[in-house]
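Peer 1: Sequence unavailable; structure follows:
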């Protein structure tokens, strides 16, 4: 592992708070994740940086050396970034925007809004099945922003040091063929689907612990699952061989319908992520605003979901809520 500025920030935070637990809270990380990160830093530097006991964490001689250097390097790097931003005149815009998305329903409308707002900017997109892949690319400077999602109250891994903010919370609906007996039902309980086979796309999604737990609460274990790409999932549903889960903003093609799951047992948080030390961080709030507006645009084309949101106000756009 190569030592990076974010690692120096971790060391400084532990020294300033006198505790790994307090530093984790200050940095918005889980304590085990910060402990693991400190251990990797110590292995890279060749020895322990802190003596830890009931009274907290105190720097070792090696720790004092690292802190002395960090307290020079971190302000110098911040000054460099500020001066570069002023010189380039890019304090409120970027010349290029590189987005990565995991099955993102927002990417088209977000690109459209951003291109209208900044017609001379270069905009590119990258697709992945996995949040960690996108986070690694943001950390490595190959992407500026990651559009991702997590099921329920889960959060992306803190290992990559990204800042995550919530765009919206979507309900998870079930996708059925029009001829399915439950297609005429206003809301479908998960228990009604106990005998169904399921179609699932690979990568991050609700088909995991959240889904298994929701099915268990409904009193059953899900039957066979077919894993294929998104189009393959819809083909399986259209053929009557399976049902599928989808974000409520999904607009199915002819022959398929979406129905709400009663009591909303599954929810999907749409997130925007960026690295706090990257130039993208300076205008992240502006990009987040475009993302929320793009999500809102998608709602206007889905009157049934708008009506559902009126009855379930905990879902929908989250404005500037923290992830």
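Peer 2: Structure received. The structure displayed is predicted, hence computed values, not measured ones.

Peer 1: In this structure, where's the longest helix?
Peer 2: Ranked by number of residues, the top helix in the chain under DSSP state H is helix 61-88.

Peer 1: Tell me the helices and strands packed up against the following helix or strand past that helix.
Peer 2: Note on helix 61-88: by DSSP states H and E, the next helix or strand toward the C-terminus is strand 96-102. Contacting strand 96-102 under the criterion 3 or more C-beta pairs under 8 Å, 6 or more residues apart in numbering; DSSP states H and E are the following elements: helix 107-117, strand 122-128, helix 131-139, strand 145-151. C-beta here means a position set from N, CA and C on the backbone, and glycine is covered the same way.

Peer 1: hmm, back to that, which parts of the longest helix of the chain are buried?
Peer 2: In terms of neighbour count (16 or more other C-beta atoms under 10 Å), helix 61-88 has its buried residues at 63, 66, 67, 70.

Peer 1: now these as a markdown table including distance to residue 304 and pLDDT?
Peer 2: A markdown table is the format used below for the buried residues of helix 61-88 (distance: C-beta to C-beta, whole Å; pLDDT from 0 to 100):
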| residue | distance to residue 304 | pLDDT |
| --- | --- | --- |
| 63 | 58 | 92 |
| 66 | 57 | 94 |
| 67 | 57 | 93 |
| 70 | 54 | 92 |
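
Peer 1: Can you lay out these as TSV showing distance to residue 256?
Peer 2: Output for the buried residues of helix 61-88, formatted as TSV (distance: C-beta to C-beta, whole Å):
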residue	distance to residue 256
63	59
66	58
67	59
70	56
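
Peer 1: so which of those comes closest to residue 285?
Peer 2: Ranked by distance to residue 285 (C-beta to C-beta), those are led by residue 70 at 27.6 Å.

Peer 1: Not counting residues beside it along the chain, what's closest to the closest one?
Peer 2: Excluding its sequence neighbours, the residue lying closest to residue 70 (C-beta to C-beta, 6 or more residues apart in numbering) is residue 8, at 3.9 Å.

Peer 1: count of residues packed around the one you found?
Peer 2: Residue 8: 19 surrounding residues under other C-beta atoms under 10 Å.

Peer 1: Contacts made by the one helix or strand it maps to with the rest, please.
Peer 2: Assigned by DSSP H and E, residue 8 falls within helix 5-17. Under the criterion C-beta atoms under 8 Å, 6 or more residues apart in numbering, residues 20, 23, 26-27, 34, 37-38, 41, 44, 49-50, 57, 59, 63, 66-67, 69-71, 73-74, 77, 161, 277 lie in contact with helix 5-17.
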